[in-house]
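Student: The amino acid sequence is not available; the structure is as follows:
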């Protein structure tokens, strides 16, 4: 009975550690994608705070706030 | 027989009238070919010792020229003398601290009180600066003129008094879309009264505008349509002026009007007509119209115009250019 309990506990601990490992690796992928997107956005002078694409040089663009010197992307 | 002749003559007249699609309120201008090359008449303005970024907007207040320097990492507002463009000082530090500006928007001017108002779209406030105090005290702190809200706010406005401004109102419709329209704006109460005229064929309105209190009219020029509308200050349409490239398509691929101002009894509008996301974005010419919207001439500036304003005392326009020279003025005496 005691041996079974230790086995189950061991499997549970391994499962938790493995699960956390997968979760954290996915999280870092998302983060690196975001960072990459921002770097790309900066490279073409886009506003990194605006995922829908405010581009530089314009009379205003709205994306979770007003950006007076940007303009909307193509529509 | 005589009767039939008269009827035929009347029908002919009607048919001839129908050949033109211009009516009293709908004016179609197929050609705008009176070109005046004014490139060599521009006089450069040196802003030494201040370096100013590429996105800068000039405006006039009393004896001063204010230049809003949107990309400055330091101070965002620079002041110059209007007569000789001598540099006087700078204010409005960029930042999030007290009295600093996080995201600078429009600069409003109050000639009677010698104040200018700086919109901060980060803090959602409009700050008030007393121009004489700014020049006297290096550590001048602005006061809060009003708090803006996020549901409806002015992106630009022409200040008349505390209870009346004419504003280009922004009304967000989602996290990344918005409606834009001209409204009478009461700064004190925060209320916007939308001007009633809306062009029936425009589905997505993006405009610049100017107001002439003396002439009781305002003009709105469409950024992505070859269209200009003139209305009275009650919001009634006086006329629509359609240019040679007019269509009602919903697209921002072509950049039409850049900015518009009144110069006494004329309307001056910068016009590009080129591809929006390209080198052709900035207009290089200014179209001149009378107050009825009739085309008079084109001023070929020959430099890329970022923004411009009117200096009424000296009858000249002051321009920010994205070209070989950054700032210049053009005397309008005898030109328009």
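Tutor: Received the coordinates, thanks. Quick caveat: nothing in here was measured; it's all calculated off a predicted structure.
Student: so where's the chain shaky on pLDDT?
Tutor: If you meant another chain, say so; for now it's chain A. Low-confidence segments of chain A, defined by pLDDT under 70: A:1-6, A:8-52.
Student: nope, chain B
Tutor: B:1-22.
Student: Which positions in it make contact with chain A?
Tutor: B:55, B:70-71, B:103-106, B:119, B:121-122, B:153, B:155, B:170, B:172, B:175-178, B:204, B:206, B:208, B:223, B:250-253, B:276-277, B:281 (C-beta under 8 Å from any C-beta of the partner chain). Where you see a C-beta, it was placed from the backbone N, CA and C, and this is true even at glycine.
Student: mind running it again at 7 Å?
Tutor: B:55, B:70, B:104-105, B:121, B:155, B:170, B:172, B:175-178, B:208, B:223, B:252-253, B:277, B:281 (C-beta under 7 Å from any C-beta of the partner chain).
Student: Could you identify the buried members of those residues?
Tutor: Among the residues of chain B next to chain A, those buried by neighbour count (16 or more other C-beta atoms under 10 Å in any protein chain shown) are B:55, B:70, B:104-105, B:121, B:155, B:170, B:172, B:176, B:178, B:208, B:223, B:252, B:281.
Student: State the number of residues packed around residue B:157.
Tutor: 24 (other C-beta atoms under 10 Å in any protein chain shown).
Student: shouldn't it be in contact with residue B:185?
Tutor: Yes. Residue B:157 sits in contact with residue B:185 when judged by C-beta atoms under 7 Å, with a separation of 6.1 Å.
Student: and the buried ones among the residues of chain B next to chain A, which of them are in strands?
Tutor: B:104, B:105, B:155, B:170, B:172, B:178, B:208 (DSSP state E).
Student: Surely the third one and residue B:172 touch.
Tutor: To tie it back to what came earlier, the one meant is residue B:155. No. If you go by C-beta under 7 Å, residue B:155 and residue B:172 don't touch, sitting 11.4 Å apart.
Student: dump the residue contacts of the residue nearest to residue B:96 when sequence neighbours are not counted.
Tutor: Using C-beta to C-beta, 6 or more residues apart in numbering or on different chains and skipping the chain neighbours, the partner closest in space to residue B:96 is residue B:102 (5.3 Å). Residue B:102 makes contact with B:96, B:120, B:122, B:123, according to C-beta atoms under 7 Å, 6 or more residues apart in numbering or on different chains.
Student: again with residue B:227
Tutor: Residue B:227 neighbours (C-beta under 7 Å, 6+ apart): B:199, B:240, B:242, B:246.
Student: do that again at 8 Å, thanks
Tutor: Contact analysis of residue B:227 by C-beta atoms under 8 Å, 6 or more residues apart in numbering or on different chains lists B:199, B:202, B:221, B:240, B:241, B:242, B:243, B:246, B:256.
Student: cool, residue B:106 as well?
Tutor: So residue B:106 contacts A:68, B:119, B:154, B:155, B:156, B:157 (C-beta under 8 Å, 6+ apart).
Student: could you say which helix or strand contains the second one?
Tutor: Just to be clear, that refers to residue B:119. strand B:115-120 (DSSP states H and E).
Student: Against residue B:202, how distant is the residue of the stretch 201-336 of chain B at minimum distance from chain A?
Tutor: Closest residue of the stretch 201-336 of chain B to chain A, C-beta to the nearest C-beta: residue B:252 (5.6 Å). Distance from residue B:252 to residue B:202, counting by C-beta to C-beta, to the nearest Å: 12 Å.
Student: and what of residue A:75?
Tutor: 14 Å.
Student: higher neighbour count, those two?
Tutor: Using other C-beta under 10 Å, the more surrounded residue of residue A:75 and residue B:202 is residue B:202, with 16 against 11.
Student: contacting residues around the more buried one?
Tutor: Here residue B:202 is in contact with B:222, B:225, B:227, B:248 (criterion: C-beta under 8 Å, 6+ apart).
Student: Provide the backbone phi and psi angles at residue B:131.
Tutor: With angles defined as degrees, to the nearest 10, residue B:131 sits at phi -60, psi -40.
Student: Then the one 5 residues further on?
Tutor: When read as degrees, to the nearest 10, the backbone of residue B:136 gives phi -90, psi -30.
Student: Can you give me the neighbour number for it?
Tutor: 10.
Student: same question, the one 4 residues further on
Tutor: Around residue B:140 sit 17 other residues, with neighbours defined as other C-beta under 10 Å.
Student: How about residue B:105: what's its closest non-neighbour residue?
Tutor: Residue B:105 sits nearest to residue B:119 (C-beta to C-beta, 6+ apart), 3.4 Å away.
Student: Thanks a lot, see you next time.
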